[in-house]
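>>> Need the 3D shape of this:
(3 chains)
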Amino acid sequence: MSALLEIQNITKRFGGLTAVDDLSFDVAEGEVLALLGPNGSGKTTMMNIISGALKPTEGRITLAGEQITGLPPHRVAAKGVARTFQLVKILPSLDVRENVIAALAFRRDALWGQEAQDEADRLLVNAGLSARGGEMVENLTYIDQKRVELARALASQPRLLLLDEWLAGLNPTELRVGIDLIAGLRDAGMTILLVEHVMEAVRALCNRCVVMNVGSKIADGDTDAVLNDPGVVRAYLGTADA
Amino acid sequence: MKLTYGIPAALAALVVLACAPLFVGPYWLGLLIGLAGYVTLASAWALFSGRTGYVSLATVAFFGIGAYTVAVLSEAMPYPVVLLVAAGIGLGVALLVGLATLRLEGVYFVVFSFGLAELVRQLVTWYETSINGTLGRYIFLDFGPEHIYWQLLALAVVTLLLTWWIGRSRLGLALKVIADDETVASHIGINIAWTKITLFAVSAVIMTLVGAIQSPRWTYVEPAIVFNPTVSFMTLIMALFGGAGRLWGPALGAIPLFLLFEWLSANFPDHYSILLGLLFIIIVFLLPRGVVGLFDDRFGTRRAEVQPAASGEGAGK
Amino acid sequence: MLMATLVGGLVLGGTYALVAMGLTIQYGIARTMNLAYGETMIAASFAAYLIHNTLGVSPVLGLAIIAPAGFVFGWLVYGILLRPLVARSKNIASLEINSILATFGLLFVIQGVMLVVFGGNYISYNYLNFGIEVLGVRVAANRLLVLFLAFVIGGGLFLLLTRTRWGTALRAVAVNPAAAPLVGIDANRAARFAFALGGALAASGGVVVSMYQTFTASSGVVFTMKALIVVIMGGVGNLAGALCAGLILGLSETLVATYISPGLTMAAVYIIFLGILLWRPSGLFGKVGK
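Here you go, the predicted structure:
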């Protein structure tokens, strides 16, 4: 497998604070990779750098061989990167279907009108929200809002999907459903980079993990091996729930 | 749906308005011209400010650019070309201002737009006095007032249609998404800065054309006349009064206020600007949820929390 | 020639700095964008003119009445006009818009009153209008006095804000209005006091301007504009920034007026403003990223 996303020597400093320190890793085409680490280790910062929300201080990022370093988010999106957010971000003045249409209307191969309606409904069915298109997103439950967010991300037809703690805050039943949803995407060949604290999900979904601590990479490899690595365990214990 | 009644009613009203010059005297025609001008200005203002939350105080800068372009070029070129040139200049200035300020926090835009009319006025005055040698200009165009009226009426219709169309277009959706959440907007591929700049430019071109079309009414034009800040001020009040987020709002706000202003300026010429200011303050106060509440109506209740105008974190960087 | 231009620029810059300090306090601490600021100034200019021409009292003494009057005016405007808006605004963004709109209305009211009372003519009066030799150039005494007053008032304000408990409370509100009540600061009172202080500075600025410039009832807008530009250039709420930015603006204006054309000063101001905005969006001395 060739690398779809290459992170090369990314460093991000906020004033005197180094949030990401010379980080490098690859995500292969079709791979589901987990980016792990205790709270404050720089995972979300890294996600924001990839999606263009933050500009890295140093380093480069390529997507399928093309430089995307420092591009604004709407251009990174046009190159094929879609994401969800750590705290679910829905568009409250729009209904469920319009939330998805918003992404369809501004993707590279844009859809509008009836085509967009149909495609949005298809995506909503796949996300487990059949016949909910007309509801206001604010009235949905938390998991359903997360489904809307996922459907919206998929509507952009991404080559790379960034999931920032998409499974956080779900109860055990919902978690099962959520894991199955992502597993379905993986089986369909989607490349996914996820930040996750729910280890059950990481074990179920990812073959490979990259672990960060205080901005640097401390482990990179097979999920089971990484999660049993003494250094990783030490970094996690006492700082975050595993 | 109310549209089934709305369209025939609007068409009937349009026919009546279009025929009005055949029946009314010069005083009423003058009033109708002013009214059509302000309906268009207020609608154009709301097209941008009502949908983005950026309060523009620069209406008269564009209006004046239009008027002055006609004054300078009316004898050198055919009239339609003059209008095109005026629109082009308005567009250029709008793009320049938009590019410089709309990527930053909203308050920079307000400050910039506040002084823009004064800047343009001083530049024109400087050009006329030091390069051209005379300050005022005469406009001799072969129009009757009814021609001016018809042009303005057509522009008003175009503005309303454009507003309606934008509301249903991808641009309109982009504006709603931006108003809801700028972070999401940029991550689903919306170019926020260009969306705002496009809308600002469209609105500015319309304002420029209003000034251009109305200018023959003056016959004699000088910077102090066409760059009168009261125009920005009245446009703003009318749009806010009627509801800047609604299609018909600015037009409905413009009609009663324009008539009131006419009456005030006829009866209290010396105290006009005091009354205007007081009226404005009263409007700002009496709107139950504040003026921003009018922007809210269109976008739902969460609107204010993502108000791009002054917070605009997502807009800057 | 150059020396005279520099001194002229320094005087003008000192005036702008003084004027902008009031606005930066109002905007930085009271969080209200006051578009009627320039009109408040010009009203004070008219007051100084009246005091000088009808009573024969020196405008410097007039300052002792006019500046407190500006304070009272600011206090009343905040209490009557702005306080209700503050109370109902859901967040700072909507407060900013509401205050811009309300003071935009106030602008026309004050301007209208001045037009009714004084008419639309250019006004000036003769005060200390004789030359004094400084650094090899003759400078009008009134300009030297202006420079002196700008530094005394500006310096006094700086000391007030940095060396007193009151000042510290005000600065705390500027930094974090939500947290100020936690340490026992009444943010509302602080905001009102700051707005009134801004009014006093506007009035002082107006008196100072009237000593060496001609003005009309409609001059206010230009002063508000320039003060706003200085505030943004210097970084909102930053007094030292306002001082530097004011001097930069005054000097550039005088240079442009002397060597290019007096009609292009506003254009020069705008070009500087644009340049700063594009280069450093949070101002020359502002914190990057707010």
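
>>> hey, let's count contacts and neighbours off CA atoms from now on
Noted.

>>> what residues are up against whichever residue of chain A sits closest to chain C?
Using Cα to the nearest Cα, the single residue of chain A nearest to chain C is residue A:15, 9.8 Å away. Counting by Cα atoms under 8 Å, 6 or more residues apart in numbering or on different chains, residue A:15 makes contact with nothing.

>>> doesn't residue B:284 make contact with residue C:98?
Yes - using Cα atoms under 8 Å, residue C:98 makes contact with residue B:284 at a distance of 7.5 Å.

>>> Whatever helix or strand residue C:69 lives in - contacts with which helices or strands?
Element membership for residue C:69, per DSSP states H and E: helix C:59-77. Under the contact definition 3 or more Cα pairs under 8 Å, 6 or more residues apart in numbering or on different chains; DSSP states H and E, helix C:59-77 sits against helix C:37-50, helix C:187-212.

>>> I'd like to know which residues of chain A are adjacent to chain B.
A:51, A:53, A:72-78, A:82-83, A:89-93, A:102-103, A:105-107, A:112, A:153, A:156 (Cα under 8 Å from any Cα of the partner chain).

>>> Next, the buried residues of stretch B:23-42.
If you call a residue buried by 16 or more other Cα atoms under 10 Å in any protein chain shown, then stretch B:23-42 has these buried ones: B:29-30, B:32-42.

>>> Looking at those residues, which are in helices?
Using DSSP state H, the subset of these located in helices is B:29-30, B:32-42.

>>> now those in CSV, with distance to chain C and pLDDT?
Shown next, in CSV, are those (distance: Cα to the nearest Cα, whole Å; pLDDT from 0 to 100):
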residue, distance to chain C, pLDDT
B:29, 29, 93
B:30, 25, 92
B:32, 26, 94
B:33, 25, 95
B:34, 21, 94
B:35, 22, 95
B:36, 24, 96
B:37, 22, 96
B:38, 19, 96
B:39, 20, 96
B:40, 21, 97
B:41, 18, 97
B:42, 16, 95
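
>>> follow-up on the earlier one: need the helices and strands packed on helix C:59-77 in JSON lines (columns: mean neighbour count, distance to chain A and mean pLDDT).
Formatted as JSON lines, these follow (neighbours: other Cα atoms under 10 Å in any protein chain shown; distance: least, Cα to the nearest Cα, whole Å; pLDDT from 0 to 100):
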{"stretch": "helix C:37-50", "mean neighbour count": "26", "distance to chain A": "36", "mean pLDDT": "95"}
{"stretch": "helix C:187-212", "mean neighbour count": "27", "distance to chain A": "30", "mean pLDDT": "91"}
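
>>> Chain B: which of those is closest?
When these are compared (using Cα to the nearest Cα), the closest one is helix C:37-50, at 12.4 Å.

>>> circling back to that earlier point, among the ones in helices among the buried residues of stretch B:23-42, which one sits closest to chain A?
Chain A has its nearest neighbour among these in residue B:42, at 24.9 Å by Cα to the nearest Cα.

>>> Confirm for me that the closest one is in contact with residue B:241.
No - Residue B:42 is not in contact with residue B:241 according to Cα under 8 Å; the separation is 10.1 Å.

>>> Using JSON lines, please lay out the helices and strands packed on helix C:59-77 together with distance to residue C:125.
Below are the helices and strands packed on helix C:59-77 laid out as JSON lines (distance: least, Cα to Cα, whole Å):
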{"stretch": "helix C:37-50", "distance to residue C:125": "7"}
{"stretch": "helix C:187-212", "distance to residue C:125": "7"}
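
>>> in the lowest-mean-pLDDT helix or strand in chain A, what counts as buried?
Ranked by mean pLDDT, DSSP states H and E, the weakest helix or strand in chain A is helix A:230-236, scoring a mean of 82. Buried residues in helix A:230-236, counted by 16+ other Cα under 10 Å: A:232, A:235-236.

>>> domain assignment for chain A?
Split into domains by automatic domain parsing, chain A comes to A:1-80+A:158-242, A:92-157.

>>> ok now the first one, how far from the chain's centre?
Going back to what we said before, that points to domain A:1-80+A:158-242. 7 Å (Cα atoms, centre = their mean, to the nearest Å).

>>> Low-confidence regions, the chain specifically.
Answering for chain A, as no chain was given. A:1, A:237-242 (pLDDT under 70).

>>> my bad, chain B
B:1-4, B:287-317.

>>> Check the stretch 101-250 of chain C too.
For the stretch 101-250 of chain C, no range has pLDDT under 70.

>>> hang on, the earlier thing: narrow the residues of chain A next to chain B to those in helices?
Per DSSP H, these map to helices at A:51, A:73-78, A:102-103, A:105, A:153.

>>> Looking at those, which is nearest residue B:65?
The nearest member of these to residue B:65, counting by Cα to Cα, is residue A:74 at 34.3 Å.

>>> hmm, back to that, may I see the buried residues of helix A:230-236 organised as JSON lines, with distance to residue C:121 added?
JSON lines is the format used below for the buried residues of helix A:230-236 (distance: Cα to Cα, whole Å):
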{"residue": "A:232", "distance to residue C:121": "79"}
{"residue": "A:235", "distance to residue C:121": "76"}
{"residue": "A:236", "distance to residue C:121": "76"}
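
>>> All set now, cheers.
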